[in-house]
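Undergrad: dropping the sequence and predicted coords here.
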Amino acid sequence: MKRAINTDRAPSPVGPYSQSVRAGGFLFVSGQIALDPVSGKMLNSDVGEETHMIMKNLEAILEAAGLDFDYVVKCTIFVRDIRQYARINEIYAGYFSGPHPPARELVEVSNLPKDASVEISLIAALNS
């Protein structure tokens, strides 16, 4: 059985998908870009600003499911420019304070929605 979990503290889906889906002991969170959930505006003047907004959106979705970043077991990061890896990684690392950060891959892509530089999705274990 699966159940969608959404929150108004993160951007609303712009297509036929949920912010996250709880199923089989996991929470699958859709890719997030740097959309401000209050204004609906894209924050993409700086990759650092984008990454912080994405992580805050992911945090809001995790909290709606009763979780936090300690429950995250896997992240996928899509970037338009691999040379921005160090800055993204620096900010990303600040959200995972425990001794066991999640598994992860970072993939360079040719384009992302709304001219984003970064998109991040994640999977969290419900019982970590």
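TA: Done, it's in.

Undergrad: sheet partners, orientation included, of the one helix or strand Ser121 maps to?
TA: Assigned by DSSP states H and E, Ser121 belongs to strand 118-125. Counting by DSSP bridges, the strands paired with strand 118-125 are strand 26-32 (antiparallel), strand 72-79 (antiparallel).

Undergrad: and the first one, how far from the chain's centre?
TA: It refers to strand 26-32. Centroid separation between strand 26-32 and its chain, computed with C-alpha atoms, centre = their mean, to the nearest Å, is 7 Å.

Undergrad: and what of the last one?
TA: Once both centres are worked out by C-alpha atoms, centre = their mean, strand 72-79 turns out to sit 7 Å from its chain's centre.

Undergrad: what are the buried residues along it?
TA: 72, 75, 77-79 (16 or more other C-beta atoms under 10 Å). Just so you know, the C-beta spots here come from the backbone N, C-alpha and C atoms, and that holds for glycine as well.

Undergrad: where do the strands sit along the chain?
TA: 2-5, 20-23, 26-32, 72-79, 103-108, 118-125 (DSSP state E).

Undergrad: what's the closest non-adjacent residue to Gly40?
TA: Using C-beta to C-beta, 6 or more residues apart in numbering and skipping residues adjacent in sequence, the residue nearest Gly40 is Pro11, 7.3 Å away.

Undergrad: quick one: buried residues of stretch 18-29?
TA: In stretch 18-29, counting by 16+ other C-beta under 10 Å, buried: 18-22, 26-29.

Undergrad: pull the CA atoms of that stretch into CSV?
TA: Extracted in CSV, the C-alpha atoms of stretch 18-29 (Å, rounded to 0.1, in the frame of the first residue of the first chain):
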residue,chain,number,x,y,z
SER,A,18,3.3,13.7,-5.4
GLN,A,19,6.0,15.5,-3.3
SER,A,20,6.6,12.2,-1.7
VAL,A,21,5.2,8.7,-1.4
ARG,A,22,5.3,6.4,1.6
ALA,A,23,5.5,2.7,0.6
GLY,A,24,7.2,-0.5,1.8
GLY,A,25,8.9,1.1,4.8
PHE,A,26,10.4,3.9,2.8
LEU,A,27,9.6,7.5,1.9
PHE,A,28,10.4,8.4,-1.8
VAL,A,29,10.8,12.1,-2.2
